[in-house]
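Chemist: Here is a sequence with its predicted model. Questions after.
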Amino acid sequence: MSERKAEPILVSSCLLGLPTRYDGRCKANSAVRVFLQRHNLIPIPVCPEQLAGLPTPRPQTRFTRGDGRSLLNGDGEVRNELQQPVSSLFLKGAGQTLAIARLCGCRRAIFKERSPSCGSRHIYLEERVVPGMGVAAALLEQHGIELWSEENLPEG
């Protein structure tokens, strides 16, 4: 019986226990770690917002119009809690995340749900959680990278 070759996978660094969230904290997730080990996956930690040059901690950010797909199409908007537009920085971070995926040969990603960068099924639009994707998640999806969140890891 041959063991499956280790495969790289992008993972939101906050889920791996790194303090990269907007508030300088992490969201370490033991289910993600178990999943990575069980499937012989090598985590490639990324934080699109840090890759864009945003500091940690940083003002909380939410969509004020649309979602990541909308932003990629020129119609969405992301602002921080100070009402400063940060859409261009989120696009930059998404591009850097895609570049890392390509450099490392990642075909899949596990991202933090509800994040304006990483949400794969839900994001914040103003104060409400709504269906949608973060900016980095939407760009990765456009380029054929399979996305999961800590809330919808596949069985098996």
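Modeler: That came in fine, so what should we check first?

Chemist: Who's the closest spatial neighbour of the residue most central in space within the chain, skipping the chain neighbours?
Modeler: The centre of the chain sits closest to Cys118, judged by Cα atoms, centre = their mean, with a distance of 2.4 Å. Spatially, and ignoring its direct neighbours in sequence, Cys118 is nearest to Phe111 (3.5 Å; Cβ to Cβ, 6 or more residues apart in numbering). For glycine as for every other residue, the C-beta is placed from the backbone atoms N, C-alpha and C.

Chemist: neighbours of Gln60, just the number please.
Modeler: Neighbour count for Gln60, taken as other Cβ atoms under 10 Å: 13.

Chemist: ok, so what distance separates the closest residue to it other than its chain neighbours from Lys112?
Modeler: The shortest distance from Gln60 to any non-neighbouring residue, by Cβ to Cβ, 6+ apart, is to Glu81 (4.7 Å). Note on Glu81: its distance to Lys112, by Cβ to Cβ, to the nearest Å, is 18 Å.

Chemist: neighbour-wise, which of the two wins?
Modeler: Lys112 (25 against 11).

Chemist: I figured the more buried one hits Cys26, correct?
Modeler: No. Using Cβ atoms under 8 Å, Lys112 makes no contact with Cys26, being 10.1 Å away.

Chemist: if I pick the residue nearest to the centre of the chain, what's in contact with it?
Modeler: With contact set as Cβ atoms under 8 Å, 6 or more residues apart in numbering, Cys118 has these partners: 12, 48, 111-112, 134, 136-137, 149.

Chemist: Kindly report the same for Thr61.
Modeler: 22, 49, 78-81, 86, 90, 116.

Chemist: let's see 10 Å
Modeler: With contacts defined as Cβ atoms under 10 Å, 6 or more residues apart in numbering, the neighbours of Thr61 are 22, 49, 54, 78-82, 84, 86-87, 89-90, 115-117, 124.

Chemist: For it, give the beta-bridge partners.
Modeler: Beta-bridge pairing for Thr61 (DSSP bridges): Asn80.

Chemist: Would you mind measuring from it to Leu18?
Modeler: Thr61 is 18 Å from Leu18, by Cβ to Cβ.
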